[in-house]
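Asks: Fold the following.
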Amino acid sequence: MSSQLIYVHDPMCSWCWGFTDTYLQLVEQLPANVEIVRLLGGLAPDTDEIMPESTRLMVQQNWHRIEQLIPGIQFNYDFWTKCQPRRATYPACRAVIAAREQDAQYDLLMTRKIQKAYYQEARNTSENNSLIELADELGLDRDRFAEALNAEQIQQQLLNEIASARSIDVNSFPSLMLQHMGKMEPVLINYTDVTTMLDQINESLGSTE
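Replies: The predicted model follows:
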């Protein structure tokens with residue numbers, strides 16, 4: 001019987017950025033009968049307000065902590081002087097869905113593009129103009145993407161995915177949930193070692209065979 005590994009993430013979640021390489025290793029090594037389902041969790045809703053100084057400090061402290069805990073992960077702190085940050089990740093989430101509408105492969109590709117733009121290139125991925133530029137750089141149909149980015153059906157799809165994540169008790173990102181034989185089990189995230197996650201998944205699949 002086919003099983004699902006549900007990955008709940010946000011393209012502007014710094015811990016998701018830290019998990020990216022290990023997540024890709026996990027996907028490559030999963031048993032063939034495990035289907036990957038990617039859901040956008042929606043970390044921070046739309047706002048036009050500039051991020052307050054206290055929030056800026058909190059996010060930067062988080063970046064420093066991730067750099068200390070996950071080897072090879074780096075952030076470009078020029079973002080905080082080059083951009084006017086807003087605590088809004090819904091635009092980036094909608095961008096992933098709008099990209100996915102053109103081809104399923106762009107779900108992951110747009111997510112990675114947003115992460116690199118935000119964390120390494122100090123670009124403001126809460127801004128529609130930046131997201132449209134990224135779509136263009138990926139080779140997407142720019143006009144189609146720009147039209148879809150704020151379309152009602154794209155927003156509704158995001159809300160549906162957020163609701164799906166909440167329905168399986170996921171409230172933090174990144175999160176992994178294994179669905180097998182009618183049961184849902186959280187997979188403990190390991191940011192640096194894929195082995196522990198694979199062992200847990202294989203054990204759960206084997207115990208319910």
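Asks: For residue 90, the count of nearby residues, please.
Replies: By other C-beta atoms under 10 Å, the residues close to residue 90 number 21. To be clear about C-beta, it is placed using only N, CA and C from the backbone, and glycine gets the same treatment.
Asks: That one against residue 161, yeah?
Replies: No. Using C-beta atoms under 8 Å, residue 90 is not in contact with residue 161, being 11.3 Å away.
Asks: which neighbours do these two share?
Replies: Counting by C-beta atoms under 8 Å, 6 or more residues apart in numbering, the common neighbours of residue 90 and residue 161 are residue 42.
Asks: Relative to residue 206, how far out is residue 64?
Replies: Between residue 64 and residue 206 the computed distance is 40 Å (C-beta to C-beta, to the nearest Å).
Asks: try residue 145
Replies: From residue 145 over to residue 206 the distance is 43 Å, taken as C-beta to C-beta.
Asks: So for these two, which residue has more residues nearby?
Replies: Higher neighbour count among residue 145 and residue 206: residue 145, with 22 against 9, using other C-beta under 10 Å.
Asks: OK, contacts around the closest residue to residue 45 other than its chain neighbours?
Replies: Of all residues beyond its chain neighbours, the one nearest residue 45 is residue 90 (5.3 Å), with distances taken as C-beta to C-beta, 6 or more residues apart in numbering. In this structure, residue 90 makes contact with 42, 44, 45, 46, 158, judged by C-beta under 8 Å, 6+ apart.
Asks: remind me which residues of this structure are low pLDDT?
Replies: Within the chain, the set of residues satisfying pLDDT under 70 comprises 1, 207-209.
Asks: can you pull out the helices in it?
Replies: Assigned by DSSP state H, the helices in the chain fall at 14-29, 53-69, 79-82, 90-102, 106-119, 128-138, 142-149, 152-167, 194-207.
Asks: among the ones you listed, which is the most enclosed?
Replies: helix 90-102 (a mean of 24; mean count of other C-beta atoms under 10 Å).
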